[in-house]
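Asks: Sequence and predicted structure are below.
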Amino acid sequence: MESDVATGIFDGSLTQIGLIVGTVAALGAAAQGLVDVTKGLWIKWDDSGYAFVKQALAPFDPILKSALGKGQSWQETLWAHWLNGRNRADQKAIAKSLIKLGLAPESVGIVSAIVKIDASAFATALRAIHAGKELTLEQVTLMEHFDAAIDARLDASYERADRRYRSVAYNVAALIAVILAIFAGGLLFADACTAARAAAMNLSNNVCLPDQNLIAGYLGSRYFVLAILVGLIAIPVAPVSKDLASAISAWARGIKAAKG
């Protein structure tokens with residue numbers, strides 16, 4: 001199968017197009033898998049998105065600390081959910097719950113500096129909540145206003161975080177795919193070059209000369225260029241590989257039938 005892939009990709013044959021697309025897609029999937037397993041390691045590339053969440057919640061730091069108590073960090077708590085890929089709606093709900101849990105009449109000054117709200121009325125509503133009293137209609141409306149403001153802040157931060165994460169993850173996966181493709185292309189070039197030398201022939205228009213260094217020959221060959229191209233398209237091809245392979249294979253069969 002490896003020889004079919006090499007022939008299809010590097011010699012331009014359409015007969016193995018389904019296998020070619022599947023192989024490229026597998027490369028993309030492998031790169032994305034490597035990206036996923038590196039989440040949370042010392043590299044911390046995935047923290048680039050979560051930084052927006054921390055930035056949005058930083059003004060609530062005293063409130064969040066009050067909610068969790070001593071010995072627990074709200075940053076680490078929310079980071080754990082982010083790291084494990086928990087549903088975004090659930091993550092926002094947890095952050096909002098921690099804010100509401102840590103609210104107290106004494107925290108009105110912090111809230112009023114973040115959310116445009118009547119501090120005196122909000123403090124009265126919080127005292128009523130802590131005393132277990134029923135809220136008036138005005139207080140219910142005030143709390144709904146507070147909830148809407150928090151929701152808007154969390155929505156914006158998590159949207160930006162998710163967009164940044166996807167962008168960075170895509171770029172990291174693309175880099176990994178290119179590196180893997182270059183390595184695989186080098187192995188294929190070495191095999192082909194060794195075979196050509198054994199047969200006392202030159203490979204690909206005298207690229208692989210009898211006394212030439214394999215690395216230098218590879219870097220100057222079409223194998224190297226095509227390996228980079230394969231690595232670059234591996235990530236976008238992976239999600240649509242099945243449909244793409246079917247469509248191109250049908251097209252190739254049509255051309256072959258037309259030629260008789």
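Replies: Looks like it arrived, so ask away.
Asks: mind giving me the domain split of the chain?
Replies: Recorded structural domains for the chain (assignment: automatic domain parsing) are 2-40+167-258, 47-165.
Asks: Now the terminal residues of the last one, how far apart.
Replies: The first and final residues of domain 47-165 sit 8 Å from each other (Cα to Cα, to the nearest Å).
Asks: Mind giving me the packing neighbours of the longest helix along the chain?
Replies: The single longest helix within the chain, with elements called by DSSP state H, is helix 137-198. In terms of contacts (3 or more Cβ pairs under 8 Å, 6 or more residues apart in numbering; DSSP states H and E), helix 137-198 is packed against helix 2-10, helix 17-37, helix 47-57, helix 88-102, helix 119-130, helix 214-219, helix 222-237. Using the backbone N, CA and C atoms, a C-beta is placed for each residue, glycine as well.
Asks: could I get those helices as JSON lines with distance to Ala174, mean neighbour count and mean pLDDT?
Replies: Compiled in JSON lines, those are given as follows (distance: least, Cβ to Cβ, whole Å; neighbours: other Cβ atoms under 10 Å; pLDDT from 0 to 100):
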{"stretch": "helix 2-10", "distance to Ala174": "18", "mean neighbour count": "17", "mean pLDDT": "48"}
{"stretch": "helix 17-37", "distance to Ala174": "7", "mean neighbour count": "19", "mean pLDDT": "76"}
{"stretch": "helix 47-57", "distance to Ala174": "16", "mean neighbour count": "18", "mean pLDDT": "87"}
{"stretch": "helix 88-102", "distance to Ala174": "24", "mean neighbour count": "16", "mean pLDDT": "93"}
{"stretch": "helix 119-130", "distance to Ala174": "48", "mean neighbour count": "17", "mean pLDDT": "90"}
{"stretch": "helix 214-219", "distance to Ala174": "20", "mean neighbour count": "15", "mean pLDDT": "82"}
{"stretch": "helix 222-237", "distance to Ala174": "5", "mean neighbour count": "20", "mean pLDDT": "84"}
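Asks: Out of those helices, which is closest to Val172?
Replies: Closest of those to Val172 is helix 17-37, at 5.2 Å (criterion: Cβ to Cβ).
Asks: okay, the angle between the closest one and helix 137-198?
Replies: Relative orientation of helix 17-37 with respect to helix 137-198: 130 degrees, computed using axes from the mean of the first three to the mean of the last three Cα atoms, to 10 degrees.
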